[in-house]
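Enquirer: Output the structure for:
(chains A, B and C)
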Amino acid sequence: MPSGALLFQSIILGLLLGGLYALLAAGLTLYFGIMRVVMIAHSAFLILAAYLAWWSHARLGIDPLLSMIVTVPLFFGAGVLLQRMLLSRLRSATLTMMSVLLTFAIALIVEGLLGYAFTGTQRRIQLGYGSASFGLFGARIAVVKLIAFGLAVISLAVLYLLMKRTTFGWALRATIQHRDAARLVGIDTEKVAGYGFGIGLATAAIGGTALSLDTTIYPSLHWHWIGPLMAIIVVGGLGSVPGAAAAAILLGLMQSLLQIPMGTTWAQTIFYLALFATLAFRPQGFFGGRLAQRF
Amino acid sequence: MPNVSKRVLTGVGLVLLAAAAISFPSLAPNPYILSAGIVVVNYAVLATSWNFVGGFTGYISLGHGALAGLGGYATALLVTKAGLPSFVALAVAALLVAALAVPIGLAALRVRGASFVIVSIALVLILLLVFQSWASFTGGSRGLVVPRPFPGLLRPEHHRVFFYLFSGLLALALLAWWLIDRSRFGLGLKAIREDEDKAESLGTPTFAYKLIVFVVSAAFTALAGGLYALWFGDLDPVFQFSILTGSYLVLMALLGGVRNLFGPLAGALIVGIALEYFKGQFGNTPLHLVATGVLLGLVVMFMPDGVLPALGSLVQRFRKAEQGSIREVSASELLAQRKREEVRQ
Amino acid sequence: MRSSLRRTRWATALGATTILALGACSGDDGGSESADDPIVVGISLPLTGDFSEPGKGVQQGYQAWAKITNDKGGLLGRQIELKILDDQSNADRVVADYEQLIGSDKVDLVVGPFSTRLVVPAGRVAEEYGMLFVEPAGAAKEVFQQGFKNLFYAAPAVANDHYNHLAEYLLAMPAAERPKTAAYAAMDDPFAQGTAYGLKEKLEAGGIKTVVNEVYPPNTTDFGSIAAKIAASKADMIVGGSQYQDGVNLIVALQQLNYQPKLAAFSTAPTNPEFAEAIGNKTEGVLSPTGYSQDAPYPSNKEFVEKYKAAYGVEPEEDQANAYTTGQVVAAAVTAAGCAEQGDCQKKLAEWVHANTVETVVGPLSWDETGKPKGAHMIQQWVGGDIKIVLPAAVKEADFVYPKPAW
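Expert: Predicted coordinates:
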């Protein structure tokens, strides 16, 4: 029977991890909601952002968090371009399938370019406060994990405010709910979809920077993330950001707790088991509510 | 009779293809080219097996790598742990995987489009985790060695024998695809591809059909994976359960044309050669990944129906004379033209 | 529409036939046999992909060997030419590469790639073509259980024996000082696991209890939970079967939880030049097994370090040294047997290596009939901000630090 201290520590770790997952998965579910696109390249962009954060720290001496000032707008622009130039050109009949393959191709290209530019050497940001931690009722919380969690909370809060309180947010939600109806009401869905995509990729920039604080990065790392992230968005309900956040916290917690009896590898299977269970029992996802899509 | 000459031409084409397959080992200047040929034929079998699901029903599965890996490991485990002779193990493994495909299909085929793709990817990843962790049974990361089915053979001979085996398997897969294509079952599947809901409302038992074709596809994929295991000899979960391999299959089938019998085969040849070329050109840098990605992107954007239909329509344009605009054709000519088309079909 | 479909099918069949035929007609022949020809050595290395960093190190070692040998007049009077292919860290590719090198390019000699995962399939190709296969990096016991007769590992000891000296030292300590409990965390990789489990077996037999035994998949990046388990167990010592980054990540995770063991041993990671900075310079007392030391007094080592430094500006590390050793073994066999080509020559070379000892930069090497070397690795420790040999006592450069200061 694991000790209380170990359990508590695992719970803390699980929550911190879940927060990070929520940030990483938010963009992924957004793309799907806007355009029914499965953006496999999202995790490749996460790693790209992490590399940019590392590069700015290692070569320019800038704190990786400051790199977000450049990467967030850059990725936003890239997202808009991606949607306008490439994804909108796909035939709508086979949009989902083709988008999978297209974004897969983009992921390969990003991985190849990263490997070319930075070589396959594994990189880690050497931060002065990298191993600092503080105690909380007997558990230890690492500073970098807390910063990542903080970034997640802030970004998701901003996203929430954006979606609920601004005109653009309403337009975006309308486009997600029913594209044709939104057009009828006068919303320029093309433009809105483009900006929505940009926002999704901008969250990738923030997520990637958060990731870079406490992880080793290498070009093929994105394969490691795409599985859990996709499982999270399906469990949470495709297209629903709050659903993805809830599923992320839940699955992060379960992964952390299951590692105690089952070990790291078997604990990772929880994502896929949850995925299969969701598709078997409630294909529209558990947490999404009205916004979630079935397919 | 136009029909007979058409049949004769098709027959001649098939004979040529068979002749090429039979003579290739003798023409190959060294065992390396032969082994490269085996890899291409393996890809062709895998792509054709994928095309049962992808081409007929329109469901794009990125997870066929999982089925191939299962076939490989099942064969290997049956040979090493249960002591079955190699080819018996291969057949039993294919049956096992086909049986396993039933519950997998039941779970996966309930959803469509994006969710199906996600499930297929998840399948590969979870099997990768399982086969890596269950080291006591599968050898885990230490790998599993598959004993040679013909221990006395020298390596070049070994390659030769397996080239013929793979070609035979390819012929079998092509035959199965062709039979389904012509059958009522195939018609039902194509209806699913065009519009699943309408097909269902018209009375096609869509779920049953999808499941059956998925099981058939799984069986052939497992056969290919198992044969590869017998040929290659060393299994490692990281390389057997790979999303990248699964996506190469999709690229090949798409490139060649999913609605074509020989589409995946042509795609396998083109992509197989392209991969070797990329490796030769960009070998020491990861740019070969970029090149593959660009190829896939170009195919998706500009040739989603595949190379062969694109070529076909190119040929079509040169024969424009037969199909003039309405204004240039008189009524009797139109009637004669329609009669000709009817005969052809 | 059906008619055009049939047309395209027929066109495809014809096209496929043509391509197959063209493919069969391509491919080059081997070289000629004149004595002034260079000796071509074929190698497949992971220059891209997940093993690319150590792969590059091994490449540098091979290149250094070729250069230094050529400067001294070459081998059997002929210059050495390396033909290196990139296998992209992929087992299917490494087999295709060696098939190409042996069957198509008809190289004279082959030497091994990097990583146990790639060595076994590659070794099989070499074995089935009857080629000598000296390799710098396949050290897990599976490599030697395949029944290969031509394979030799060019380093002092296999993975399971890496920590032998440390095990001896620990079990020889008085019972009061000795660590009582141990935690093991190993990457699911035949080499990394081999080192950790080799030590585990010996320590368990000697009475040191195993309280945590974790295995993690390669490319794991989050070690929070594993570190939590280890910290909660309060084990006296931690043994990591690691490569580079996972070792660093685990140590950082343990630092974040303020876990302070009396002894910490990790394979590979502590010998990397960036290790100190990566863990915040808190390296004092961390142990690592190594097969190679730049200061080792073997005759060929001095020359190797000097010339390598002159050519590349830095001192050689273990990967480079392993590759250089491989070259030395092959060179010794070739010189003794007097031939360097495919065919019966390879058998002579293999027999010679089985029967003889070769002087290398890691000392005198000799092998058993499975190709396992009969030596032992040294144990290094970070002492005073620098990594030094502490075991075996005969070659030590510094005293063993125990218990380990806080990190």
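
Enquirer: just for chain A, where's the confidence low?
Expert: Low-confidence segments of chain A (pLDDT under 70): A:1-2, A:91-93, A:289-295.

Enquirer: any idea how far residue A:7 is from whatever residue of chain C ends up closest to chain A?
Expert: Residue nearest to chain A within chain C (CB to the nearest CB): residue C:52, separated by 3.4 Å. Quick note: C-beta positions are derived from backbone N, CA and C, even for glycine. According to CB to CB, to the nearest Å, residue C:52 stands 40 Å off from residue A:7.

Enquirer: ditto for residue A:168
Expert: Going from residue A:168 to residue A:7 by CB to CB gives 44 Å.

Enquirer: With residue B:208 instead?
Expert: 48 Å.

Enquirer: Any chance you could note which residues of the stretch 101-250 of chain A sit beside chain B?
Expert: A:101-102, A:104-109, A:111-116, A:120, A:219, A:223, A:226-227, A:230-231, A:234, A:238 (CB under 8 Å from any CB of the partner chain).

Enquirer: Tell me the buried residues within the residues you listed.
Expert: A:101-102, A:104-109, A:111-116, A:120, A:219, A:223, A:226-227, A:230-231, A:234, A:238 (16 or more other CB atoms under 10 Å in any protein chain shown).

Enquirer: still on that earlier bit, compare residue B:208 and residue A:7 (neighbour count), which wins?
Expert: More neighbours surround residue A:7 than the other of residue B:208 and residue A:7, with 16 against 10 (other CB atoms under 10 Å in any protein chain shown).

Enquirer: In contact with that one, which residues?
Expert: The neighbours of residue A:7, taking CB atoms under 8 Å, 6 or more residues apart in numbering or on different chains as the test, are A:257, A:260.

Enquirer: List the buried residues of the helix or strand that contains it.
Expert: For residue A:7, the enclosing helix or strand under DSSP states H and E is helix A:4-35. Neighbour counts over helix A:4-35 (16+ other CB under 10 Å) mark A:6-7, A:9-10, A:12-35 as buried.

Enquirer: What residues does the stretch 151-300 of chain B have near chain A?
Expert: B:243, B:247, B:250-251, B:254, B:285-297, B:300.

Enquirer: Make sure residue C:300 is actually in contact with residue C:325.
Expert: No. Using CB atoms under 8 Å, residue C:300 is not in contact with residue C:325; the gap is 9.2 Å.

Enquirer: Can you pull the residues that touch both of the two?
Expert: C:360-361.

Enquirer: the more surrounded of the two?
Expert: Using other CB under 10 Å as the criterion, residue C:300 and residue C:325 rank with residue C:325 on top: 30 against 17.

Enquirer: pretty sure that one contacts residue C:359?
Expert: No. The pair residue C:325 / residue C:359 is not scored as a contact, 10.2 Å apart, by CB under 8 Å.

Enquirer: on that earlier part again, intersect the buried ones among the residues of the stretch 101-250 of chain A next to chain B with the contacts of chain C.
Expert: A:115, A:120.

Enquirer: Point out where the stretch 151-300 of chain B drops to low pLDDT.
Expert: For the stretch 151-300 of chain B (pLDDT under 70), the answer is B:283-284.

Enquirer: Now do the helices in it.
Expert: B:155-182, B:184-194, B:196-201, B:206-232, B:237-240, B:243-256, B:263-282, B:287-302 (DSSP state H, counting those that start in this stretch).

Enquirer: Rebuild those as JSON lines, extending it with distance to residue A:271.
Expert: Listed next are the helices of the stretch 151-300 of chain B as JSON lines, based on distance: least, CB to CB, whole Å:
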{"stretch": "helix B:155-182", "distance to residue A:271": "33"}
{"stretch": "helix B:184-194", "distance to residue A:271": "30"}
{"stretch": "helix B:196-201", "distance to residue A:271": "28"}
{"stretch": "helix B:206-232", "distance to residue A:271": "23"}
{"stretch": "helix B:237-240", "distance to residue A:271": "18"}
{"stretch": "helix B:243-256", "distance to residue A:271": "15"}
{"stretch": "helix B:263-282", "distance to residue A:271": "31"}
{"stretch": "helix B:287-302", "distance to residue A:271": "25"}
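
Enquirer: Ok, which of the ones you listed comes nearest residue C:288?
Expert: Ranking those by proximity to residue C:288 (CB to CB) places helix B:237-240 first, at 25.8 Å.

Enquirer: Please export the C-alpha coordinates of the closest one as PDB.
Expert: Provided in PDB are the C-alpha atoms of helix B:237-240 (Å, rounded to 0.1, in the frame of the first residue of the first chain):
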ATOM      1  CA  PRO B 237       8.400  -3.300 -31.200                       C
ATOM      2  CA  VAL B 238       9.600   0.200 -32.100                       C
ATOM      3  CA  PHE B 239       9.900  -0.700 -35.700                       C
ATOM      4  CA  GLN B 240       7.000  -3.200 -36.000                       C
END
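
Enquirer: which parts of stretch A:138-155 are buried?
Expert: So, applying 16+ other CB under 10 Å, buried residues of stretch A:138-155: A:139-149, A:151-152, A:155.

Enquirer: What about those residues, which are in helices?
Expert: In helices, judged by DSSP state H, the following of those are found: A:143-149, A:151-152, A:155.

Enquirer: Which ones, among those residues, also lie beside chain C?
Expert: Contacts with chain C within those, counted by CB under 8 Å from any CB: residue A:145.

Enquirer: returning to that earlier point: in this structure the residue of chain C closest to chain A contacts residue A:118, no?
Expert: No. Counting by CB under 8 Å, residue C:52 does not reach residue A:118; the two are 10.9 Å apart.

Enquirer: the more surrounded of these two?
Expert: residue C:52 (27 against 16).

Enquirer: out of the buried residues of stretch A:138-155, who's nearest chain B?
Expert: residue A:152 (22.7 Å).

Enquirer: So that closest one sits against residue A:25, correct?
Expert: No. Assessed by CB under 8 Å, residue A:152 is found out of contact with residue A:25, at 10.2 Å.

Enquirer: which stretches of chain C have low pLDDT?
Expert: Those would be C:1-36, if you go by pLDDT under 70 across chain C.

Enquirer: For it, list the residues in contact with chain A, please.
Expert: C:48-53, C:56, C:188, C:214-217, C:219-222, C:224-226, C:228-229, C:231-232, C:244-246, C:248-249, C:252-253, C:255-258, C:277-280, C:282.

Enquirer: For the buried ones among these, write the corresponding PyMOL selection.
Expert: Buried residues among the residues of chain C next to chain A (16+ other CB under 10 Å), as a PyMOL selection:
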select buried, chain C and resi 48+49+50+51+52+53+56+188+214+215+216+217+219+220+221+222+224+225+226+228+229+231+232+244+245+246+248+249+252+253+255+256+257+278+279+280+282
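
Enquirer: This completes my enquiry, with thanks.
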